[in-house]
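Asker: Only the shape, not the letters, is given here:
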């Protein structure tokens, strides 16, 4: 399960909820432009960010708010972000990969339980450094897996995530102040995206990786 | 500040408390044997571990209990451990480096405040993975720095450490159960070392790195 709460994971969930057919995660803007040429006119959108900022010539940035039903429905989104798509690339050897966020934490936990496999949570973080919000999200997903009756065998890092989840569960808005990346996004003018990213369990959608694309779990066999 | 609570940091503090002149951290057992030849007969001791186990032909392992006053006093200890000495090597570019453990957390905080510099806490962890006890120790040191009146500008990782410290502060013995490495050391027969490693603030000694050797901070200009 790949987590990038601010904002890639949340944006991916929102896009699928609003009818996007699939998101194709790629590592570079150049690769995104090349992949878009495989699709008919108006079929694919280019989306993503670098350092939190929009990419010149792209249709969309990385704000969940941009992926409205009107923009996303029936579209293919070619998607590249600083940390999130790199974390997805790291997860490709897994037998099954899903995208986790606060907005779909409980749904992801149910998907995990249904998989019945060993679980690795990949917290995207910020250019290699730990990020508070991804750590908290991982802990909340683990809590939900435990609440579903699974007996967890946890690494020390998993324990750390659960202690963080217990601390922030009832004050997720404190993440907007405590998280470095939240403060940075606010400084860049994306503060209004953040409230949508800290809503807990508002979506049942579980985006899963299938043949290099992120699709609604219901559409994947 | 380099932290390896189970057991290297605690052992280093204990050795200096018991009169050891200095510990020379080296990366390999071969390097340890080579360095020992620089000293007169009986002057230097070889100490350390690999995967928690003693190294064949070495005088001491990595148990704090082994570094008694009788063994340590006036001796030079050539020291190599799986994770701790690697973390020390990573810290060598710092302007000043100290060894932090639970046993000397408050003393280390006072040393940090006296330095008046930016602070990096290096949690040794276990072969690249996060370790619970080092995370908690880093948080307790940060708490003590904050209690000394310093205003902290914290990374997300530092915040994580402080949340962990708040959770474990009054139940440090839970680390003996929750920490992977504590369970592993117990399995290897070193369970009796662990109680000595989770005593909080029992030593005022702050080991510092000086010219490639770890010495009592009082002995370094």
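Answerer: That came through, no problem. Because the structure is predicted, anything quoted here is derived from the model rather than measured. Numbers count the residues shown, from 1 in each chain, chains lettered A, B, ... in the order given.

Asker: and the longest strand along chain A, how far out from the chain's middle?
Answerer: If each strand of chain A is counted by residues according to DSSP state E, the longest one is strand A:44-50. The chain centre lies 15 Å from the centre of strand A:44-50; the measure is C-alpha atoms, centre = their mean, to the nearest Å.

Asker: how about the residues of chain A that lie near chain B?
Answerer: Proximity of chain A to chain B, by C-beta under 8 Å from any C-beta of the partner chain, involves residues A:126, A:129-132, A:135, A:155-157, A:159-160, A:163-164, A:166-167, A:178-181. For glycine as for every other residue, the C-beta is placed from the backbone atoms N, C-alpha and C.

Asker: same thing but at 7 Å, please
Answerer: Applying C-beta under 7 Å from any C-beta of the partner chain, we find that chain A lies next to chain B at A:129-132, A:135, A:155-157, A:159-160, A:163-164, A:167, A:178-180.

Asker: Just the buried subset of the residues you listed, please.
Answerer: If you count burial by 16 or more other C-beta atoms under 10 Å in any protein chain shown, the buried members of the residues of chain A next to chain B come out as A:130-132, A:135, A:155-157, A:159-160, A:163-164, A:167, A:178-180.

Asker: with those residues in mind, which one is nearest to residue A:81?
Answerer: Comparing those against residue A:81 with C-beta to C-beta places residue A:131 closest, at 13.2 Å.

Asker: That closest one and residue B:32, how far apart?
Answerer: Distance from residue A:131 to residue B:32, counting by C-beta to C-beta, to the nearest Å: 39 Å.

Asker: Likewise for residue A:74?
Answerer: Distance of residue A:74 to residue B:32, given as C-beta to C-beta: 66 Å.

Asker: between these two, which one's more packed in?
Answerer: Neighbours were counted for residue A:74 and for residue B:32 using other C-beta atoms under 10 Å in any protein chain shown; residue B:32 has more, 25 against 9.

Asker: The more buried one belongs to a helix?
Answerer: Yes - the assignment for residue B:32 is a helix, going by DSSP: H, G, I helix; E, B strand; the rest coil.

Asker: Is it in contact with residue B:81, as I believe?
Answerer: No - taking contacts as C-beta atoms under 7 Å, residue B:32 lies outside contact range of residue B:81: 10.6 Å.

Asker: By mean pLDDT, flag the weakest helix or strand of chain A.
Answerer: helix A:84-91 (a mean of 80; mean pLDDT, DSSP states H and E).

Asker: strands paired with the next helix or strand after that one, and their directions?
Answerer: Sequence order places strand A:99-100 as the next helix or strand after helix A:84-91, per DSSP states H and E. According to DSSP bridges, strand A:99-100 has the following sheet partners: strand A:2-3 (parallel).

Asker: Verify the stated contact: residue A:202 with residue A:103.
Answerer: Yes - assessed by C-beta under 7 Å, residue A:202 is found in contact with residue A:103 at 5.1 Å.

Asker: overlap in contacts of residue B:32 and residue B:81?
Answerer: Residues touching both residue B:32 and residue B:81 by C-beta atoms under 7 Å, 6 or more residues apart in numbering or on different chains: residue B:48.

Asker: so which helix or strand takes in the residue nearest the centre of chain A?
Answerer: Geometric centre of chain A, nearest residue: residue A:9, 1.3 Å, by C-alpha atoms, centre = their mean. According to DSSP H and E, residue A:9 maps onto helix A:8-17.

Asker: And the next helix or strand past that helix?
Answerer: Next element after helix A:8-17 (DSSP H and E): strand A:22-25.

Asker: by contact count, what packs against that next one?
Answerer: Packing contacts for strand A:22-25, counted by 3 or more C-beta pairs under 7 Å, 6 or more residues apart in numbering or on different chains; DSSP states H and E, involve strand A:76-80, strand A:213-216.

Asker: Same list (those) but as a markdown table, adding mean neighbour count.
Answerer: Formatted as a markdown table, the helices and strands packed on strand A:22-25 follow (neighbours: other C-beta atoms under 10 Å in any protein chain shown):
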| stretch | mean neighbour count |
| --- | --- |
| strand A:76-80 | 26 |
| strand A:213-216 | 20 |
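
Asker: Mean pLDDT and distance to residue B:198 added to those, as a markdown table?
Answerer: A markdown table is the format used below for the helices and strands packed on strand A:22-25 (pLDDT from 0 to 100; distance: least, C-beta to C-beta, whole Å):
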| stretch | mean pLDDT | distance to residue B:198 |
| --- | --- | --- |
| strand A:76-80 | 96 | 46 |
| strand A:213-216 | 95 | 44 |
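
Asker: Would you mark the buried spots in the longest helix along chain A?
Answerer: Of all the segments of type helix in chain A, defined by DSSP state H, the longest one is helix A:132-147. Within helix A:132-147, the residues scored as buried using 16+ other C-beta under 10 Å are A:132-145.

Asker: Quick check: the gap between residue A:209 and chain B.
Answerer: Distance, residue A:209 to chain B, by C-beta to the nearest C-beta, to the nearest Å: 24 Å.

Asker: Dig out what that residue forms beta bridges with.
Answerer: Here residue A:209 shows beta-bridge partners residue A:214, assigned using DSSP bridges.

Asker: That one against residue A:93, yeah?
Answerer: No - Residue A:209 is beyond contact range of residue A:93, at 11.1 Å (criterion: C-beta under 7 Å).

Asker: Tell me which of the two has more neighbours.
Answerer: Legend: neighbour count by other C-beta under 10 Å for residue A:209 and residue A:93, higher for residue A:209 (20 against 6).

Asker: give me the low-pLDDT residue ranges for chain A?
Answerer: A:127 (pLDDT under 70).

Asker: Looks to me like residue A:56 is in a helix.
Answerer: No - with three-state DSSP as the criterion, residue A:56 is coil rather than part of a helix.

Asker: and the gap between it and residue B:188?
Answerer: The spacing between residue A:56 and residue B:188, counted by C-beta to C-beta, is 57 Å.

Asker: Looking at those two, which has the bigger crowd around it?
Answerer: residue B:188 (12 against 7).

Asker: From the chain's centroid, how far away is stretch A:106-115?
Answerer: 15 Å.

Asker: And for it, what's in contact with it?
Answerer: Residues from elsewhere that reach stretch A:106-115, judged by C-beta under 7 Å, 6+ apart: A:1, A:96, A:98, A:100, A:119, A:141, A:144-145, A:148, A:150, A:201, A:203-206, A:217.

Asker: Would you mind writing the ChimeraX command to select the buried ones in the residues you listed?
Answerer: This is the ChimeraX syntax for the buried subset of these, where burial follows 16+ other C-beta under 10 Å:
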select /A:1,96,98,100,119,141,144,145,203,205,206,217
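
Asker: Out of the contacts of stretch A:106-115, which comes closest to chain B?
Answerer: Minimum distance to chain B across the contacts of stretch A:106-115 is 15.7 Å, recorded for residue A:119 (C-beta to the nearest C-beta).
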